[in-house]
Each structure stands twice: as C-alpha cells, then as structure tokens.
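>>> I'll drop the sequence and a predicted model, then ask my questions.
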Amino acid sequence: RMSLYPYWWRTGELLDHVLGEPVSGYLRTLAAPERLAAVPAHLRPALLQAQLDESFPPTFLLHGELDTVVPLVESKTTYDCLRDLGVTVALEVVPNGPHGLMTCVNPVQFAPGADEAQEKGMGFLARVL
C-alpha cells in the first residue's frame, strides 16, 4: 500500500483515487484556472480550493521553500485567495526547507528555521483563538 501513493502521484491519478471517480485525465487537458469549475459539483466538497470563502477560519500556512511534493505556489495561491477574501491568514516559508521540513527522518532532524516557523504558527493560533 505504501507504494500506491507515490505511484498515483507520479502518474497523475491520485485525485481519481481520492475522489473515487476518474477525473484527472480530463482535468489535465484544461488550463489550470479552468480545472476547479470542471470538477463535478458532487466531488467539490473534497477539494480545499472549493471551500475557500469569507467564512473560512483563520489559517496559518507553513511551507518549505524547496518542497518537491507540494509546490510552494500552492500555499502562495491559497494565501492570496484567503487574503483577498478578507480571511485572517499568514504564510511562513522556511528557506531551503523540504517537504515536511525534515532534512532527515532517522533520526528526525528539522530544517534550519523550522522550529522558529512553528513557533510563529503557535503565536498565530494564540492570537486568533
């Protein structure tokens, strides 16, 4: 099972398995700005992008600059969208940070600046709660 996620990620089929319907092939034929609107309405509740509106809760986004799993542009786009909607939002980018902010998993070592970024996130939560 552990091999399925990276396989589906590489083949571009992950969304099909998350949503339970084969939509990825069609969505890849569309320009990025057209894709969300092309997702069938009954599948949209499973997609974060479809949930962004003025009622979205305050959000702290923490992202590694060198993340190769989730591109940094995804967090930047979400940040911009929430900001434009008037939602309280902050984005902290850890310079040279990889996905998960871990530079080593055994033993666990975090990227320089990860601890400070997480402290900023905790401060954000303390302010908005």
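Cool, the structure landed. Residues are numbered from 1 along each chain as shown.

>>> Quick check on the residue of the chain most remote from its centre: phi, psi?
Here the chain reaches farthest from its C-alpha mean at Pro107, the gap being 25.6 Å by CA atoms, centre = their mean. Torsion angles at Pro107 (phi, psi; degrees, to the nearest 10) stand at phi -80, psi 160.

>>> Could you check how far it is from Arg127?
In this view, Pro107 and Arg127 are 33 Å apart by CB to CB, to the nearest Å. To be clear about C-beta, it is placed using only N, CA and C from the backbone, and glycine gets the same treatment.

>>> Likewise for Val87?
From Val87 to Arg127 the distance is 14 Å (CB to CB).

>>> between the two, which one's more packed in?
Val87 (17 against 11; other CB atoms under 10 Å).

>>> what number of residues lie near the nearest residue to that one once chain neighbours are set aside?
If the residues on either side of it in the chain are set aside, Val87 comes closest to Phe56, at 4.9 Å by CB to CB, 6 or more residues apart in numbering. Residues within reach of Phe56, counting by other CB under 10 Å, total 17.

>>> Which pLDDT value belongs to Phe56?
For Phe56, the model assigns a pLDDT of 97.

>>> those helices in the protein, which residues are they?
Counting by DSSP state H, the segments of the chain that form helices are 4-11, 14-19, 24-28, 32-38, 72-85, 114-128.

>>> Determine which of these approaches Leu91 most closely.
Distance to Leu91, taken as CB to CB, is lowest for helix 72-85 among the helices of the chain, at 4.2 Å.

>>> Do I have it right that Leu72 meets Thr78?
No: taking CB atoms under 8 Å as the definition, Leu72 is not a contact partner of Thr78, at 10.8 Å.

>>> who's more crowded, those two?
For Leu72 versus Thr78, neighbours defined as other CB under 10 Å are more numerous around Thr78 (19 against 15).

>>> State the distance from that one to Gly25.
Remark: distance between Thr78 and Gly25 (CB to CB) = 25 Å.

>>> just Asp115 next, same as before
Taken as CB to CB, the span from Asp115 to Gly25 is 42 Å.
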